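> output the structure for:
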Amino acid sequence: MKLSSYISVDCVVLGYDSEQLNVLLVERKLDDKVNDSPFEPDWTLTGNHVYLDEDIEEAANRVLYDLTGFSEIYLEQFKTFAAPDRLLKPKDQVWLKSIGMDPLKRVVTIGFFALLATQKVSLKWMGRNVKWTPVKEVGDLAFDHNQILDSALIAIRNKMRHEPLGFELLPEKFTLTQLQQVYEQIFDAKFDKRNFRKKVNRMQYVIALDEKQKGVPHKPAQLYKFSREIYEQTKRELLEFFV
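I've put the predicted structure just below:
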């Protein structure tokens with residue numbers, strides 16, 4: 001298939017591992033035999049160019065599968081990035097030349113985000129190194145991917161005020177501590193434990209189970225689950241964490 005030289009997709013894949021919020025990164029390597037330029041490997045978001053015969057959503061799903069082996073993952077488009085200087089860093093120029101693209105041409109990328117519990121998926125070797133990295137430990141990424149990551153977090157926060165996206169990051173059964181940690185890490189804020197749990201207890205769609213954690217080195221905590229059916233019946237305009 002032929003690539004569309006000037007349109008790409010970049011996916012901000014966030015995962016929660018019961019302790020911290022992580023973003024999925026892909027290693028970028030290059031043996032630059034044409035320019036004989038030094039190129040130390042670095043990291044990018046999951047992304048690539050769009051084929052001429054596919055739509056944007058198909059491209060995002062293909063890219064994610066080709067780089068990670070993930071399939072049927074929820075992806076949501078959140079923003080377009082088209083600044084004229086977004087690919088002008090020296091390493092990015094070398095990279096573009098290496099794949100046969102004019103480094104002076106503008107490339108427009110469509111940003112997507114995905115939220116998932118890392119326990120639900122396993123990274124597969126698909127020809128490129130991929131890794132989970134704590135969001136707070138992400139260094140300088142290639143291209144404008146730090147900006148894309150920051151914009152994705154803003155979009156997710158805005159949506160999480162209206163929709164229960166936080167539960168996408170949790171396993172099917174979770175503790176209230178895990179639920180609070182998810183929201184604290186997404187919003188980069190601390191919530192009062194007592195008030196947080198009072199609000200959760202008023203949410204009919206967060207169901208207490210007659211089960212507790214197993215195999216933990218501390219006192220097992222009660223487990224809960226999220227009911228989308230009940231949420232749809234009882235939802236409000238804003239989630240109560242933030243009113």
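> domain boundaries for the protein, per the record?
Per the record, the chain has its domains at 3-160, 170-242, by automatic domain parsing.
> any chance of CSV for those, columns mean pLDDT?
As requested, these are arranged in CSV below (pLDDT from 0 to 100):
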stretch, mean pLDDT
domain 3-160, 88
domain 170-242, 89
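> which residues in this structure form helices?
56-68, 90-98, 145-160, 176-187, 193-201, 228-234 (DSSP state H).
> related to what we said a few turns ago, pick the most deeply packed of the domains of the chain.
Of those, the one with the most neighbours on average (mean count of other Cβ atoms under 10 Å) is domain 3-160, at a mean of 17. Using the backbone N, CA and C atoms, a C-beta is placed for each residue, glycine as well.
> from the rest of the structure, what touches stretch 80-100?
If you take Cβ atoms under 8 Å, 6 or more residues apart in numbering as the criterion, stretch 80-100 is touched by 10, 28, 30, 32, 34-35, 37, 39, 42, 102-103, 106-111, 142-144, 147-148, 151.
> ignore the last one, stretch 50-66
1-4, 7-9, 11, 13, 46-48, 70-71, 73, 75, 77, 110, 112, 114, 126.
> before we move on, what about stretch 22-33?
12-16, 39, 41-47, 67-68, 94-95, 98, 118, 128-135, 138, 141-142, 149.
> G139 versus H49, what's the distance?
25 Å (Cβ to Cβ, to the nearest Å).
> about what we covered before: strands - which of the contacts of stretch 80-100 land there?
10, 28, 42, 108-111 (DSSP state E).
> now render these as CSV, adding distance to E168.
Listed next are the ones in strands among the contacts of stretch 80-100 as CSV, based on distance: Cβ to Cβ, whole Å:
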residue, distance to E168
D10, 19
R28, 28
D42, 29
V108, 27
T109, 23
I110, 20
G111, 17
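> does M160 touch G166 like I think?
Yes. Checked against Cβ atoms under 8 Å, the pair M160 and G166 is within contact range at 5.7 Å.
> spit out the residues that contact the two alike.
183, 186.
> before we move on, the earlier item: dump the helices of the chain to TSV, plus distance to A82.
Formatted as TSV, these follow (distance: least, Cβ to Cβ, whole Å):
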stretch	distance to A82
helix 56-68	14
helix 90-98	15
helix 145-160	12
helix 176-187	26
helix 193-201	39
helix 228-234	35
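> wait, which of those is closest to I207?
Counting by Cβ to Cβ, I207 lies closest to helix 228-234 out of the helices of the chain; the figure is 7.5 Å.
> who's in contact with that closest one?
Against helix 228-234 from outside (Cβ under 8 Å, 6+ apart): 164, 204-205, 207.
> for stretch 197-208, same thing?
164, 176, 179-180, 222, 224-228, 230-231, 234-235, 240-241.
> now that stretch, how far from the centre of its chain.
The chain centroid and the centroid of stretch 197-208 are separated by 26 Å under Cα atoms, centre = their mean, to the nearest Å.
> for the closest residue to G166 other than its chain neighbours, what are its contacts?
Excluding its sequence neighbours, the residue lying closest to G166 (Cβ to Cβ, 6 or more residues apart in numbering) is V182, at 4.8 Å. Each residue near V182 by Cβ under 8 Å, 6+ apart is listed here: 16, 21, 166, 169-170.
> okay then, goodbye and thanks.
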